[in-house]
Structure formats: C-alpha cells, structure tokens
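Enquirer: Give the three-dimensional model of this entry:
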Amino acid sequence: MLRGYFIRQVEISMADVKEFERFYTRDGFNKSLNHFNAVLDAISELQDYNNLADILNSYLEEDKIAQHQLLPIINSLLVDKYSYSHKAINIKNTVTNFDKIASEVSKWSGIDIVLGYHNPNIGFLVINTKKKDSLAISVELKKNELLTIYAGDFSGANNKYAQNVIEEFIKLLEDKKPKVPSQVLNGKFKVKATVVKSESNVVKTKKAQPQVKKAAKNVKAAASSTSTVAAKQAEPVQAPAPIADVQASGGAVRMTPLYSVEVTNELFHNGNVEAWKKIITSYKTSYAGCDVIIFYEGERILDINTLFKWGKVKHGSAIMFAVSGKDIKDVAKLQRYLKQGASHRFEDFLKFPVNVIPKLF
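Expert: Alright, predicted model coming up:
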C-alpha cells in the first residue's frame with residue numbers, strides 16, 4: 001500500500017512539472033508572458049465594443065502575436081470568458097460575394113459575430129463579418145473548408161439570440177435571405193472604420209497599404225546573364241478588384257487573387273518546369289515569408305513536377321497562381337517571368353549554374 005502511495009505521488013508530481021515545462025527557459029517564459037499580455041490587452045479593447053477580429057489582425061500587423069496564437073486567444077476569450085455561441089461547419093459552396101454579406105451583417109448591431117476560417121493555402125484567419133475588407137483577407141471562403149462562427153456579446157452570459165443568428169448567417173453564406181430578430185438590429189456592435197492600436201489603447205485611423213505595384217520601372221536590373229530575360233517589358237498585371245482590400249487591411253498573412261499564365265510553348269515540358277522552379281525560388285528568396293501557390297484545373301499543385309506529364313498541359317492551357325505572405329511585392333514581375341517560363345523562351349532561365357539561385361527580383 002505504501003509503495004502504491006509513493007508511485008501515485010510521483011505521478012502527480014511529474015504531471016504538475018510537465019504543466020509548466022514551457023516556463024523552464026527564458027524564451028518559453030517570455031513567449032507565454034507576451035501571449036498573456038496580448039489577451040489582457042484584447043480584453044481591455046473588447047470593452048469598447050471592438051470586434052475581436054479587428055483587434056487580433058491589428059496585433060498581427062504590429063507583430064505583437066503570431067498566426068498560431070489566433071485560435072487559442074479566440075477560444076479563451078469568446079468561448080471560455082464571454083460564452084459566445086459557436087458552430088463549426090464545412091462550407092457548402094465557395095463564397096466570393098463579400099459585399100452582400102458585409103452589407104447585411106453590418107445591420108446586426110445588436111450582436112457581435114466573428115469567423116474563424118481555416119484557409120487551405122494560408123492557414124487560420126480571423127474575420128470580422130461586418131467588414132468587406134476583413135472578409136476579403138481570404139479572397140474566398142472555399143467549398144468544403146472548415147468555418148467556425150462565433151456570436152454573442154461581452155456580458156459573460158450566452159446571448160439568447162446568438163444561436164439563431166448563427167443559423168441565419170449560414171443561410172446568408174448559402175445565398176439565402178436571412179431573417180434575424182428585430183432585437184439584433186439595434187445595439188452597440190456597429191461597424192468601426194478604425195483599428196485599435198494596442199500600445200496606447202487609442203483608436204487611430206488605419207492607413208491603407210499601397211496596391212500591389214505594376215511592373216516596376218526602377219527595380220534593379222537582373223544579373224548580366226539574365227539580360228535576355230528582362231529585356232522585354234511585358235504589360236503590367238491589372239489586379240482584380242479584391243486585391244486593394246486584401247492589401248489594405250487584415251492579418252499578417254494575406255493572399256492575392258488568382259492570376260493566369262497561358263502556356264505558349266507547344267507543351268509545358270520539363271524545361272518549362274525547371275524554369276518555373278528557378279523563378280519561384282528566386283522570388284521566395286527575395287521576399288522571405290512569401291509563397292507562390294500554383295493551381296491547375298481548380299486543383300492546387302504542391303509539386304510543380306506533376307505539371308510535366310506528357311499531353312497534360314498543352315499549348316493554350318492556363319495555369320493559375322497566387323502569392324501569399326505579409327509583404328507581397330512584384331506580383332506583376334513574377335507573372336511576366338512565369339509567362340516567359342511557360343513559353344519557348346524558357347531556356348533563358350536555364351543558363352544559370354546548377355544550385356545557383358538567380359537574382360531576378
């Protein structure tokens with residue numbers, strides 16, 4: 001009996017120790033402390049009826065938190081502390097009409113709504129449903145992906161209309177007409193055109209970042225061996241309308257709309273694949289933290305080599321790409337190079353020595 005007692009005591013002791021393992025090191029302690037401070041600051045800002053999505057996205061912009069902290073903070077505040085109702089769904093149809101959603105939900109000022117969206121390309125995003133630019137962070141809400149809807153207020157008790165609002169919001173996503181209780185149409189959860197800056201707890205106007213630049217006139221010339229690549233100035237990309245919103249606001253990680261690259265070679269063969277590899281590697285090296293995402297026939301291509309399949313990608317085919325990251329630049333130039341890499345001039349990119357990353361950007 002005594003032996004069993006000591007074993008249980010050791011087990012309990014080890015469990016207690018493991019609970020605080022992350023505090024063993026200075027780095028772990030500081031990361032935890034910064035997380036706690038971010039949560040406390042968010043609580044303070046929520047008292048002014050700010051949307052948690054706006055708060056957390058501003059923290060991302062300030063590098064106060066990282067993307068992987070979003071879900072724990074949402075759970076600790078909206079679910080645990082403020083008892084928001086919530087429901088996780090798989091989206092039935094791809095949603096791109098954010099004007100309609102924001103226009104309708106912005107009228108529901110009697111309740112707060114936050115979306116947690118697992119974007120398959122750029123990770124977890126937190127979205128304010130009452131703002132079009134916040135919705136546009138993700139470019140689209142993709143069919144079959146996971147979406148969690150949180151609804152409630154900051155009273156600390158379940159809002160009796162919250163579950164009904166969630167169901168009506170789902171109808172809105174499905175392009176059906178929602179009908180919410182009249183009590184939901186009047187309250188303090190109104191759209192704010194400003195973002196709370198955490199350092200001073202003062203509301204300041206958020207400055208829009210510039211739209212993705214057109215083909216730059218003053219970019220550095222490529223290395224002498226790439227002069228044939230950069231010699232011809234192609235037409236700049238005309239960015240689709242949503243890109244201004246994507247660039248202007250939201251979290252640290254964003255994704256551009258999809259851009260098309262037409263295959264003008266007789267076939268997208270191994271040489272074209274190798275050219276694209278060098279172009280994309282050069283871009284990702286020049287802009288650390290950015291990723292180039294390739295799509296073909298609606299499917300994301302994780303390995304560019306799979307595009308080299310005899311007879312699959314022929315002359316006239318369209319390969320789509322998007323760029324994700326925090327500080328997205330030179331999308332027009334990237335598109336121009338990819339177009340050349342998909343043409344008979346792909347060899348210009350193969351003149352670089354093996355294992356040398358060309359400086360194209």
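
Enquirer: ok, which stretches of this structure are helices?
Expert: Here the chain has its helices, by DSSP state H, at 2-19, 26-46, 52-61, 70-74, 98-105, 132-135, 162-173, 227-230, 242-248, 270-286, 331-341.

Enquirer: any chance of these in JSON lines, plus mean neighbour count, mean pLDDT and distance to Asn186?
Expert: Just so you know, the C-beta spots here come from the backbone N, C-alpha and C atoms, and that holds for glycine as well. Output for these, formatted as JSON lines (neighbours: other C-beta atoms under 10 Å; pLDDT from 0 to 100; distance: least, C-beta to C-beta, whole Å):
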{"stretch": "helix 2-19", "mean neighbour count": "9", "mean pLDDT": "59", "distance to Asn186": "45"}
{"stretch": "helix 26-46", "mean neighbour count": "14", "mean pLDDT": "88", "distance to Asn186": "20"}
{"stretch": "helix 52-61", "mean neighbour count": "24", "mean pLDDT": "90", "distance to Asn186": "21"}
{"stretch": "helix 70-74", "mean neighbour count": "18", "mean pLDDT": "94", "distance to Asn186": "26"}
{"stretch": "helix 98-105", "mean neighbour count": "17", "mean pLDDT": "93", "distance to Asn186": "14"}
{"stretch": "helix 132-135", "mean neighbour count": "23", "mean pLDDT": "88", "distance to Asn186": "22"}
{"stretch": "helix 162-173", "mean neighbour count": "19", "mean pLDDT": "94", "distance to Asn186": "14"}
{"stretch": "helix 227-230", "mean neighbour count": "16", "mean pLDDT": "38", "distance to Asn186": "59"}
{"stretch": "helix 242-248", "mean neighbour count": "20", "mean pLDDT": "36", "distance to Asn186": "28"}
{"stretch": "helix 270-286", "mean neighbour count": "19", "mean pLDDT": "90", "distance to Asn186": "49"}
{"stretch": "helix 331-341", "mean neighbour count": "23", "mean pLDDT": "91", "distance to Asn186": "43"}
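
Enquirer: any chance of those helices in TSV, plus distance to Ala322?
Expert: Listed next are those as TSV, based on distance: least, C-beta to C-beta, whole Å:
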stretch	distance to Ala322
helix 2-19	41
helix 26-46	29
helix 52-61	19
helix 70-74	21
helix 98-105	17
helix 132-135	17
helix 162-173	22
helix 227-230	22
helix 242-248	10
helix 270-286	12
helix 331-341	9
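
Enquirer: and of the ones you listed, who's closest to Ile91?
Expert: helix 162-173 (6.7 Å; C-beta to C-beta).

Enquirer: what's the closest one packed up against?
Expert: Applying 3 or more C-beta pairs under 8 Å, 6 or more residues apart in numbering; DSSP states H and E, we find helix 162-173 packed against strand 85-90, helix 98-105, strand 146-152.

Enquirer: Kindly reformat those as TSV containing distance to Thr306.
Expert: Formatted as TSV, the helices and strands packed on helix 162-173 follow (distance: least, C-beta to C-beta, whole Å):
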stretch	distance to Thr306
strand 85-90	26
helix 98-105	32
strand 146-152	26
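
Enquirer: who wins for proximity to Ser85 among the helices of the chain?
Expert: helix 162-173 (3.7 Å).

Enquirer: Now do the strands in the stretch 201-350 of the chain.
Expert: 202-204, 254-255, 259-262, 291-296, 299-301, 318-325 (DSSP state E, counting those that start in this stretch).

Enquirer: Just name the most buried of the ones you listed.
Expert: strand 254-255 (a mean of 24; mean count of other C-beta atoms under 10 Å).

Enquirer: Provide the contact partners of it at residue level.
Expert: Applying C-beta atoms under 8 Å, 6 or more residues apart in numbering, the external contacts of strand 254-255 come out as 119, 121-122, 137-139, 246-247, 293, 322-326, 328.

Enquirer: ok, back up a step: which one of the strands of the stretch 201-350 of the chain lies nearest to Phe352?
Expert: Between those, strand 291-296 lies closest to Phe352; by C-beta to C-beta that is 18.2 Å.

Enquirer: Could you tell me the angle between that closest one and strand 318-325?
Expert: 160 degrees (axes from the mean of the first three to the mean of the last three C-alpha atoms, to 10 degrees).

Enquirer: Against which helices or strands is strand 291-296 packed?
Expert: By 3+ C-beta pairs under 8 Å, 6+ apart, strand 291-296 packs against helix 270-286, strand 299-301, strand 318-325.
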